[in-house]
Structures are given as C-alpha cells and as structure tokens.
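**Student:** A predicted structure for the sequence below; I have some questions about it.
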Amino acid sequence: MGCSAAISALGAALTLAAGGDGHLDIGTGPSFPPYVVIDDTGTISGSDFEMMQDICRRIRHTCRWQSVPFKDLIPGVQSGQFDAALGGMAISPERRRIVDFSQPYATGGGLDWFVGPAGAPLPERATTAVVSGTIQEIFARNEGLGHIAFPSEPEALAATAGGTTDLALGPFDDRPDLQPLIGGAGLEFLYSAEVPDEGVGIAVCKGNLALVALLNGAIDEMFADGTMDAIESRWP
C-alpha cells in the first residue's frame, strides 16, 4: 500500500477508532541510546519508545512496533509500511522534502566526530564510513567527501578498525555503548564536524496532516504535564 493509500486508510481508522481500538504501525531503527535500546531478546525500550507509547495512549491507539535498519525507516513511511517512524531521527530539509514530521520533541545539533586510527588523513582526503540513511551520510554527500555507507554504527566502526575506511563519522561522543568498539579498536576522536539539523521528530507520510496534528497535540500535552521531563530523566 502506497503512501497516499496509507493516509486514507489511517484516516478512516482514526475516525472509526474513537473508542480506542485502533493501532499505529511504528517503525524504529536499531539501538541508538538513549532514544532506542534493543536488548538481545529483541525487546525495545528507550526514551523514544516510552514517549511513543504514551502518545498512543493519549490518542487512544495501540503502538505496533517493528525494528528495521535505519535506512529503511523513511522508505517504510513512504510506502505505507509504517504510519510513523522514529528513533533519534533528526529533521532536515532533505528529509522534509519526502516525508512530514511532528514538531521537534528533542534538540539535535552538537558536534559529530570523525574517528579513526592515529595519523588518519583529513576527511577531505579520506574514505569515511557512515550509517546508511543518516544525516551523516547526507552531510558526507553534500560536502563531497568520499564515503561508504554501512547498515549500523558497529559495522561502520568495524570497517574503520579493519582498514576498509580511513574514518567513521557519527555522534560518537554521546554513545557510551560504542566506546568499547572505539577505544578497544585503538580508534581516536580526530576531527569534529557540525552536522546541522532541526531537532528530533517523528516522521509520517507526506501530506498526513491529520496524524501530524494528533502527534503534535500529544507532544504539547506531554511537555505541559511534565511527562517529557520525566522520560528524559529516566533516559539521560
């Protein structure tokens, strides 16, 4: 079912489900703490999981979750596989052209880092590992940097540690879960880069303004009643 068909089907479901028996199909990516944490059993937790569960409760729907590679989230929204997708997803002009977003519920920005072995070349002379579908991949492409896309951050770091690429680019300084992969492989934080974004949001099918309005209304409530602060305190 394509995106426009998904909008029509979801609109009918939202109308019929005023009694609270509807559902939303939610896509999320692999572990990206604190937004998404997926354990060895496949159980999902994290700040985005808690937030979306609360949104579904407020709009009287049930979240049905599916974890896929990050690069498949926006295509999944476009195709109608997911009603919404999230997982620390930065809002950017490139993404706004193909999907719509909720209002930002978290700030983005900050510095990303090129990590690599001591003596690795400057980014403009290097081949850099990025995660497919991320704003880091967009940044590398827009800056004309030589790069190879990998499905996940561990795979990007492994490629750099193994010499397939010279550097890896990502938000690594805020990821204690990745530090063993970085330090253990002898990689160092070498060069910083400001990869711009417009905050973190929930992606929905282009033109699905009804769902955007529902999400924004719930997010406003959660900021007003302290729920967002409580979730952030549990997932710093």
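**Tutor:** Structure received. Since this is a predicted model, take the numbers as computed values, not measurements. Numbers count the residues shown, from 1 in each chain.

**Student:** Quick one: low-confidence residue ranges for the protein.
**Tutor:** 1-2, 4-21, 109 (pLDDT under 70).

**Student:** could you measure the residue nearest the centre of the chain against Leu157, distance?
**Tutor:** Nearest to the mean C-alpha position of the chain, by Cα atoms, centre = their mean, lies Met89 at 2.8 Å. Computed as Cβ to Cβ, to the nearest Å, the Met89 to Leu157 distance reads 21 Å. No exception for glycine: its C-beta is placed from N, CA and C like everyone else's.

**Student:** for Asp83, same thing?
**Tutor:** 32 Å.

**Student:** number of nearby residues for the residue nearest to Phe70 when sequence neighbours are not counted?
**Tutor:** Of all residues not flanking Phe70 in the chain, Gly29 sits nearest, at 3.8 Å (Cβ to Cβ, 6 or more residues apart in numbering). The burial count assigned to Gly29 is 26, neighbours taken as other Cβ atoms under 10 Å.

**Student:** Wait, Gly29 touches Leu73, no?
**Tutor:** Yes: if you go by Cβ atoms under 8 Å, Gly29 and Leu73 touch, sitting 5.9 Å apart.

**Student:** Show the contacting residues for the nearest residue to Ser31 once chain neighbours are set aside.
**Tutor:** Leaving aside its chain neighbours, Ser31 sits nearest to Ile38 (4.8 Å; criterion: Cβ to Cβ, 6+ apart). Applying Cβ atoms under 8 Å, 6 or more residues apart in numbering to Ile38 gives the contacts 30-31, 44-45, 67.

**Student:** ok, which pair from those is furthest apart?
**Tutor:** Pairwise distances across the contacts of Ile38 peak at 13.3 Å for Pro30 and Ser45 (criterion: Cβ to Cβ).

**Student:** ok, which stretches of the protein are strands?
**Tutor:** 22-28, 37-38, 44-45, 61-67, 84-86, 99-101, 111-116, 127-131, 146-150, 167-170, 188-194, 203-205 (DSSP state E).
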